[in-house]
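Asker: Make a model of this:
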Amino acid sequence: MPLVAEWLNDPEYFGVYNPLVQHSKPELEKEYDKLTPETKWFFIEKKDGSKVGSIFHFPLGKLLEIGYSLIPSERGKGYCTEAVKIIVDYLFLAKDIVRIQAHIDPRNIASWKVIEKVGFKKEGTIRKSFFARGEWRDMLVYSILREEWKEPKILTKTTS
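Answerer: The predicted structure is shown next:
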């Protein structure tokens, strides 16, 4: 939990596209304890085991949404694209779902490039979707449907 608290309290971790939020370790532990069984959060690790980011999924009705972030020094190296491929494979192999979606700030070009490389399609813009850093911001909606995914890109089976 100390590493998570460090990341979440670092304005550079979520970048300029997300609200600034500060969390104490006890607050994070309370939030973690409130997660539903359908909400999962994972570290993104390099092959040497060092943790470089996080990726998560949570339910929105009968569909799932994903989110992800990397520490600034590890961005642009393919870790996030690989993590998104893995979580998409896992979710379509392990869950009876037809859709996975993500919301992305239109200015976050790196994030929408990641999601598009994995096969997500841009559906549209939710205008003035949230307030962050003194302004109302739009969000792009991306999704991938089971029939667009077709087969695993990385995983071959799951043990959930």
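Asker: Just confirm residue 143 contacts residue 121, I think it does.
Answerer: Yes - at 6.4 Å, residue 143 counts as touching residue 121 under the criterion of CB atoms under 8 Å. (Each C-beta comes from the backbone N, C-alpha and C, glycine too.)
Asker: Looking at those two, which is more packed in?
Answerer: Of the pair residue 143 and residue 121, residue 143 is the one with more neighbours under other CB atoms under 10 Å, namely 18 against 12.
Asker: so the more buried one sits in a strand?
Answerer: Yes - applying DSSP: H, G, I helix; E, B strand; the rest coil, one finds residue 143 inside a strand.
Asker: wait, what's in contact with it?
Answerer: Shown in contact with residue 143 (CB atoms under 8 Å, 6 or more residues apart in numbering): 99-102, 120-121, 123.
Asker: ditto for residue 119
Answerer: Contacts of residue 119 (CB under 8 Å, 6+ apart): 88, 144, 148-149.
Asker: Separate out the buried members of those.
Answerer: Restricting the contacts of residue 119 to buried positions leaves 88, 144, 149, with burial counted as 16 or more other CB atoms under 10 Å.
Asker: quick check, nearest of those to residue 42?
Answerer: When those are compared for distance to residue 42 (CB to CB), residue 88 wins out at 12.9 Å.
Asker: Would you agree that closest one is in contact with residue 151?
Answerer: No - in this structure residue 88 lies outside contact range of residue 151 using CB under 8 Å: 11.1 Å.
Asker: Distance check, the residue sitting nearest the centre point of the chain against residue 49.
Answerer: When CA atoms, centre = their mean is applied to the chain, the residue found nearest the centroid is residue 67 (1.6 Å). Note on residue 67: its distance to residue 49, by CB to CB, to the nearest Å, is 23 Å.
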